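A.B. asks: The following comprises the amino acid sequence and a computationally predicted model.
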Amino acid sequence: MINEINADSKIVTLIARIEKAILSTGNNGANYLILNLVDMTGRIEARLWNSTEKDLDELKTGLIVKIEAVTNVYRQQLQLKVNSYEIINEGDYQKHSINEEMFSISAPINVKTNYVKLVDFINSLENKTYKTITLEILKQYEVEFKTFPAAVSIHHNVVGGLFWHSFSLLMGAKALREVYKYADIDWELVYCGTILHDIGKVLEMAGKNASEYTDQGKLLGHISIGNTFVSNKAIQLGLQDNEDVLKLQHAILASHGKNEYGSPVEPLLIEAVIISSLDSLDARIYKINDELSKVEEGAWTSRILSEDGRSYLNHIKKRNKSKSSKIKT
C-alpha cells in the first residue's frame with residue numbers, strides 16, 4: 001500500500017488507481033507521463049520516462065494499474081520511477097485479491113452517522129425558511145452530498161469530502177457561538193449557510209472519485225449552481241419573496257470571501273463573513289496538513305500554490321500509521 005512506501009523501499013510493486021495521467025516533455029524533448037496514483041492509504045506521484053504512444057493510449061485516468069518502480073526523493077517528497085506496468089481489468093480483481101473500495105481515500109469520519117446528526121440538528125432550528133429549504137435540497141441530493149469530494153485537488157478531495165468539509169464548518173460555527181455571544185448574529189443563517197455553501201458541487205464534481213469537473217461545473221461553477229438551487233427551491237415552496245431566502249443566497253454567493261477568489265459578491269452580512277472565514281480556514285488547514293504529511297519531521301513542504309507559493313515546516317513527528325486515523329465525531 002502507498003503508506004508503506006518510504007525512501008528506503010528501493011524497488012516496490014504497487015497496485016493503485018490512476019487518479020490523473022499528465023503528459024509532459026523533458027528538456028531532451030522526450031515525452032514522459034506523470035501518474036498521480038491513489039489507494040485507500042494515500043497518494044503518490046509516479047513518472048514513466050520515455051513514454052511511447054502505447055503508454056499514452058493505455059494509461060488512462062480511473063484505471064487500476066500494477067507497477068514495478070524505484071523509489072526516489074525529489075524536492076523532499078517521495079516519488080516513483082516506473083520500470084514496468086500492467087493494467088488490471090475488473091475481471092482480474094479476484095486474481096489479485098483486490099476490490100474497487102481499496103483505491104479511494106475516504107473521509108475520516110462516519111458520514112452515515114453524522115449525516116443523521118446533521119439532519120436532526122437542522123430539524124431543531126426555529127427559522128422555517130432556512131430549515132425547509134436546506135432539508136429539501138439535502139433530500140434531493142443526499143447521495144451526492146454524502147459521497148462526493150469537495151474539490152479535485154485543493155482540499156477534501158476524498159470520497160465523502162463534501163460532507164466532511166460542510167460538517168466541519170457547521171461544527172466550527174456551533175463552537176464559535178459561545179465565543180461571540182456578545183454579537184448580534186443570526187446563527188441559524190450561519191448554520192444553514194455552512195451546510196449549503198458548497199452544495200452546488202453535487203453537480204460540479206464528476207462523481208465520488210472526481211479527477212475532473214463536469215461541463216456544467218466548468219461553465220457555471222458551484223457557487224452559481226448552489227444559488228440556483230436555493231432560488232428554485234424557494235419558488236417551489238412559494239417562498240420566492242421571503243427576505244430570509246435572499247440572506248441564504250447571499251451566504252452562498254459570498255462564501256469565497258472576495259471577488260478575485262470566485263465570489264460574485266463579497267460578504268455584506270456578518271453571517272457571510274463567518275461562513276467565508278470558516279470555509280477558507282478549513283480548506284487551508286486540510287491542504288497544509290496534507291502537504292506536511294508527505295514530508296518527514298524537520299523537512300519543508302513543496303511550495304503550495306493555494307498558499308501564495310509558501311512552503312511549511314513539518315515540526316511534528318508523524319502519527320503511528322498502525323493507529324486508526326478516524327475522527328471520533
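C.D. replies: Noted; the coordinates are in hand.
A.B. asks: For the longest strand along the chain, could you pull out the residues that count as buried?
C.D. replies: Scanning the chain for the longest strand, with DSSP state E as the assignment, gives strand 11-25. Residues 12, 14-21 are the ones in strand 11-25 that count as buried (16 or more other CB atoms under 10 Å). For every residue, glycine as well, the C-beta is placed using N, CA and C.
A.B. asks: Out of the residues you listed, the closest to Val158 would be?
C.D. replies: Glu19 (11.2 Å; CB to CB).
A.B. asks: I'd assumed Thr61 was in contact with that closest one.
C.D. replies: Yes: contact criterion CB atoms under 8 Å: Glu19 and Thr61 qualify, at 6.9 Å.
A.B. asks: intersection of neighbour lists for these two?
C.D. replies: Ser211 (CB atoms under 8 Å, 6 or more residues apart in numbering).
A.B. asks: State the number of residues packed around the nearest residue in space to Lys201 that is not next to it in sequence.
C.D. replies: Spatial nearest neighbour of Lys201, excluding adjacent residues (CB to CB, 6 or more residues apart in numbering): His222 at 4.5 Å. By other CB atoms under 10 Å, the residues close to His222 number 26.
A.B. asks: Pick out the most distant pair among the buried residues of strand 11-25.
C.D. replies: Val12 and Lys20 (20.3 Å).
A.B. asks: before we move on, back to that, partner strands of the following helix or strand past the longest strand of the chain, with direction?
C.D. replies: Using DSSP states H and E, the helix or strand that follows strand 11-25 in sequence is strand 31-39. Strand 31-39 has its sheet partners listed here by DSSP bridges as strand 11-25 (antiparallel), strand 42-48 (antiparallel).
A.B. asks: now the ones you listed in a markdown table, with mean pLDDT?
C.D. replies: Below are the strands paired with strand 31-39 laid out as a markdown table (pLDDT from 0 to 100):
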| stretch | mean pLDDT |
| --- | --- |
| strand 11-25 | 91 |
| strand 42-48 | 92 |
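A.B. asks: Export those strands as JSON lines, with columns for distance to Asn259.
C.D. replies: What follows is those, written out as JSON lines (distance: least, CB to CB, whole Å):
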{"stretch": "strand 11-25", "distance to Asn259": "29"}
{"stretch": "strand 42-48", "distance to Asn259": "32"}
